Structure formats: C-alpha cells, structure tokens
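1. sequence? don't have it. structure:
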Ligand code: NDP
C-alpha cells in the first residue's frame, strides 16, 4: 500500500489556531523584530511571507533593513537595542548576511529570552535538560509531524541523517527526551560506507542533508515513517533528499517535498515569538 502523505499544512493550520488564541490572550500584541543587512531578494521575499504569517496570527512584524556595509559591531549594537526594547518579544536575523558578518557570532548576541529561532546556546542547552521553551524551528516542525504519525516514540529506532546545528543535532536531543533510540548519521557515516546499513534499520527516518537522491527508496524499511527535510532544486523542480516514488511504496508515512516540513517551520517561529511574549508577561 502506498504511504500516507505527512503534509505540513493541515498541522500548521491547527497549531496556528492555538498560536492565534494564545496571542490574543496576552496583555500586549507580541512583536517580532526582523533584521536584514543589505539587499537580497530571496531574504526579502522570505521576510514578506513571515510578515504575512505573523500578522495573520496577531503578531506585529517590524522589519529593519540595515545598510550593506553595516559592521559586525554596529549590528551587535542594533541587536542590543532590540534586546533592551521591552515592546520586542522576538528577534530574527535574515539570511544570508554579507560576507563580512559571521552569523553565529552575531546571533549569540540575541537575548535568549527573545530568540525567535530557538538557536541561542542557552536555549539549545535547555533541551539537554528537558527544560526548553523556545525550540529550534525546523527540529520542532519535525517533532510536530512525528506527533501526528507516531505519537509514542518510546523505544523506536530513529535514524537521523545530517548533524547540523540547526536540524540534526537538536532533533537528536528532542528525540532522546521522548525515549527514542537515536542513531545520528553524517558525512563520516557515508565515507565509512555505513549509511545504507543504518538507513535500512530505521523505523523512523529523518533526512536533513541537502543532496537530492542521497537516500535510495529501496533502502526504506517496510512501514517506516520518512521525514525528508532536504530542499533541493533539480531541473526547476524542488525535491528532497529521499527518492520519493520508491520510498513511498515502502513507507507507512512520508513527507512530500515541498509541502512537508517547510510549512510548519515558519509556524514554529511564530510559536516561539508568542511563547517568548507569554514568558515576558509572566515576568
Ligand atoms: P547543513 O549543510 O548545515 O547540514 C547538512 C548535514 O548533512 C551536515 O551535517 C553534513 O555533515 C551532512 N552530510 C553531508 N553530506 C552527507 C552525506 N553524503 N551523508 C550523510 N550526511 C551528509 O544543512 P542544514 O541542516 O541547514 O539543511 C539540510 C537540508 O534541509 C537542506 O537541504 C536545507 O535546505 C533543508 N532545510 C529545510 C528546512 C525546512 O523548513 N524544510 C529548514 C532548514 C533546512 P558534515 O557537516 O559532517 O559534512
């Protein structure tokens, strides 16, 4: 039987309704400050779509465009102003940044309490202790898809391919918190020729690499849940990292690309902003 489609949109709609209600119950309208440095059409389009989503949920979106030659020191100063501004609840730095700015260095200046992307070391550290309230957006989006397809992760064999700081690593921690048995594969696994043997064992396979066709459909375990985070442009089409047709003949659930994890990621960003505002309101 072909796999059921694990689509992000219906899940996103449900969670957006919860966010809308929570935002409406706050003493002040939550505010997301978005910072772009220089001109970039892609970043601007992404910011526009964030603004639309934010406003639909009752969140004010303040877009700040800084000059392309803004120095790291000036950007830090700007972030610190936003940190000190009590009306701002969340801060996001739009990517890409000009080459002279180191994103990681800069993003660590965002107050952990206003870390809309959930990527500050203080928030990542809280995941380790099961105390996170602002989660990395893509990892949180994957967890939402698992809540639908496999709510009980206890003892499940989960294989995560990709160990980036924004997806694979935080995801592994979130899965451990739910008592899944987690194997994390990366370039070292592939170079050792062991990727296939791990993928074959996965009851739940999550792939976040960014290489079209990396995972052959024939490797998917019968009945597995497949979550493909990858986004690749191949001959004017967007595809994931997993061979979709063959994989969907074997899996029980599979995310489409596009339409799987993507629609949930921006929703998770808004959830963090409203959560940050709720925490600030509690004092
Ligand atoms: P990174 O490039 O930061 O990480 C890719 C990871 O894959 C690294 O851990 C890398 O290991 C690993 N890797 C590379 N080649 C192989 C291989 N042959 N076998 C096994 N592992 C390999 O990417 P991101 O984590 O930022 O993103 C991954 C994908 O997810 C991209 O396609 C991106 O566009 C997409 N994405 C989608 C989102 C969504 O909302 N749908 C959000 C964020 C990302 P190493 O570092 O050791 O080389």
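-> Sure, I can see it. Everything numeric in this text was worked out from a predicted model, so none of it was measured. Numbering: from 1, shown residues only.
2. check contacts around residue 209.
-> 161, 162, 230, 241 (C-beta atoms under 8 Å, 6 or more residues apart in numbering). The way it works is simple: take the backbone N, C-alpha and C, and place the C-beta from them, glycine included.
3. give me that answer again for 10 Å
-> 161-164, 167-168, 185-187, 190, 195, 215, 228-230, 232, 240-242 (C-beta atoms under 10 Å, 6 or more residues apart in numbering).
4. go on, residue 76?
-> So residue 76 contacts 101, 105, 106, 108, 109, 110 (C-beta under 10 Å, 6+ apart).
5. what mean pLDDT does the helix or strand hosting residue 80 get?
-> Assigned by DSSP states H and E, residue 80 belongs to helix 72-84. Average pLDDT, helix 72-84: 98.
6. show me where the stretch 51-200 of the chain has strands.
-> Ranges of strands in the stretch 51-200 of the chain, per DSSP state E, counting those that start in this stretch, are 60-66, 90-93, 157-161, 181-185.
7. where's the nearest residue to residue 75 once chain neighbours are set aside relative to the ligand, distance?
-> Excluding its sequence neighbours, the residue lying closest to residue 75 (C-beta to C-beta, 6 or more residues apart in numbering) is residue 106, at 5.7 Å. Distance of residue 106 to the ligand, given as C-beta to the nearest ligand atom, to the nearest Å: 17 Å.
8. same check, this time on residue 269
-> Distance from residue 269 to the ligand, by C-beta to the nearest ligand atom: 10 Å.
9. cool, and residue 49?
-> 12 Å.
10. that residue touches residue 267, doesn't it?
-> No: counting by C-beta atoms under 10 Å, residue 267 is not a contact partner of residue 49; they are 11.8 Å apart.
11. which of the two has more neighbours?
-> Set residue 49 next to residue 267 and count neighbours by other C-beta atoms under 10 Å: residue 267 wins out with 25 against 11.
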